[in-house]
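Q: Sequence first, predicted coordinates after that:
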Amino acid sequence: MPRARNAQIAVEATPYYHCVSRCVRRAFLCGRDSQTGQDFSHRREWIETRLLKLAKVFALDVCAYAVMSNHVHAVLHINRSEADSWSFRATIQRWHQLFKGSVFSQRYLRGDALEGAEMRKLEEQVALWRARLQEISWFMRCLNEDIARRANFEDNCTGRFWEGRFKSQALLDEQALAACLAYVDLNPVRAGMARTPEGSDFTSIKRRVLQRCGGNENVEKTPLFPFAGNPRKEMPVGLPFRFEDYLELVDWTGRHLREDKKGSIPEDLPPILQRLQIDPQHWLYMSQHFESRFKGLVGTAYSLRTACQRMGYQRAVGMGYCQALFG
């Protein structure tokens, strides 16, 4: 029986989560359907645009994403400190970018005076909105509902566009985070939709490469979670890797995913694998099977046991794979 979302997401265990939404019956509702010949590829741009827009409203950072023909991957980082820093007015303004709010919030932004009871009610509402703007479930709801409405309107139909629940995996440590980021960024290469990571449309890796190259103001302003470098004292906010190391890792992994490039493991391994102490053969396996082999919690055996204790789980599901692949 599936666990409730609030039992799967615990910021105390990790702020990083891998989320996947799939179209109903895994139909090609965001790409070209080879059987019917219909092409829905323009919807991939809808999803990417909506995803990045929500990242500017929510206290959730987008670490990686890949918009495929029948599903969407997103690695999200819950940024509680950002939400705590919002002012009362800023929280209302953010909520109003997505919803109408309430009569009290609309009056407050107009500058109308609120009586004591009205102000207390608004304070309760704003506290609720601040909490929702850092919840992954609300982020995915705002993403999926908008795309479903637009697609159903375009198709002149009603009914589900996405499967009932999005899948969520908690990434408990650096090893799990690095493996999941690469798994998401290499999705189009693995599916045969692109030859190179930087040539993969509607992915975070292509957008990051374009940002590094410069020259496109819209791409440069994309709100992707930055790479902060290797862990150290006074660590800035961001992914705990060097971007150059990560690019090298993704490129190295992508070459070994190609059927004509199986070969032997080269000696010049990306330094990030050495730092994370991940066996290269295990890494290649995870880069192809990350989503199917791991359950809700992903990390080393120690991280998995610690998270299960914090979240009240009686047994650690997926311990075998975590022990085998993460050491």
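A: Received it, and whenever you're ready, just let me know what you need. Residues are numbered from 1 along each chain as shown.

Q: Was I right to think A182 contacts W252?
A: No - using C-beta atoms under 8 Å, A182 is not in contact with W252; the gap is 9.6 Å. Quick note: C-beta positions are derived from backbone N, CA and C, even for glycine.

Q: Tell me which of these two has more neighbours.
A: A182 (24 against 20; other C-beta atoms under 10 Å).

Q: name the element that one belongs to?
A: Element membership for A182 (DSSP states H and E) is helix 174-185.

Q: Double-check that A64 belongs to a strand.
A: Yes - according to DSSP: H, G, I helix; E, B strand; the rest coil, A64 belongs to a strand.

Q: residues near it, how many?
A: 25.

Q: same question, R80
A: 11.

Q: From here on, call the first residue 38.
A: Taking 38 as the first residue, the last one we looked at is R117.

Q: got the phi/psi numbers for it?
A: Taking degrees, to the nearest 10, you get phi -70, psi -40 for the backbone angles of R117.

Q: distance of it from P52?
A: To P52, R117 is 8 Å away according to C-beta to C-beta, to the nearest Å.

Q: can you check M356 too?
A: 22 Å.

Q: ok, these two, which is more surrounded?
A: P52 (19 against 15).

Q: quick check: domain ranges of the chain?
A: The chain breaks down by automatic domain parsing into domains covering 42-116+172-363, 120-169.

Q: Can you tell me which of the ones you listed has the worst average pLDDT?
A: The minimum mean pLDDT among the domains of the chain belongs to domain 42-116+172-363 (a mean of 87).

Q: Name the single longest helix found in this protein.
A: With secondary structure taken from DSSP state H, the chain has its longest helix at helix 173-192.

Q: just checking, what packs against that one?
A: Judged by 3 or more C-beta pairs under 8 Å, 6 or more residues apart in numbering; DSSP states H and E, the packing partners of helix 173-192 are strand 53-59, helix 79-94, strand 108-115.

Q: quick one: the following helix or strand past that helix to strand 53-59, angle?
A: Toward the C-terminal end, the helix or strand that comes next after helix 173-192 (DSSP H and E) is strand 204-208. Counting by axes from the mean of the first three to the mean of the last three C-alpha atoms, to 10 degrees, strand 204-208 lies at 160 degrees to strand 53-59.

Q: Mind listing the strands strand 204-208 pairs with, and their directions?
A: Strand 204-208 has its sheet partners listed here by DSSP bridges as strand 53-59 (antiparallel), strand 334-335 (parallel).

Q: okay, the ones you listed, which one's buried deepest?
A: Of all those, strand 334-335 carries the top mean neighbour count, a mean of 29, counting by mean count of other C-beta atoms under 10 Å.

Q: got the residue ranges for the helices in the stretch 238-364 of the chain?
A: Ranges of helices within the stretch 238-364 of the chain are 241-250, 254-257, 280-294, 308-313, 317-330, 338-348, 356-363, based on DSSP state H, counting those that start in this stretch.

Q: who's sitting farthest from the centroid in this structure?
A: E152 (41.4 Å; C-alpha atoms, centre = their mean).

Q: ok, now how distant is that one from L159?
A: Distance from E152 to L159, by C-beta to C-beta: 11 Å.

Q: For the helix or strand harbouring L159, name the packing helices and strands.
A: Under the criterion of DSSP H and E, L159 resides in helix 153-169. In terms of contacts (3+ C-beta pairs under 8 Å, 6+ apart), helix 153-169 is packed against helix 125-133, helix 140-147.

Q: Quick one, which of those helices gets closest to F363.
A: When the helices and strands packed on helix 153-169 are compared by C-beta to C-beta, helix 125-133 sits nearest F363, at 37.1 Å.

Q: Good, wrapping up.
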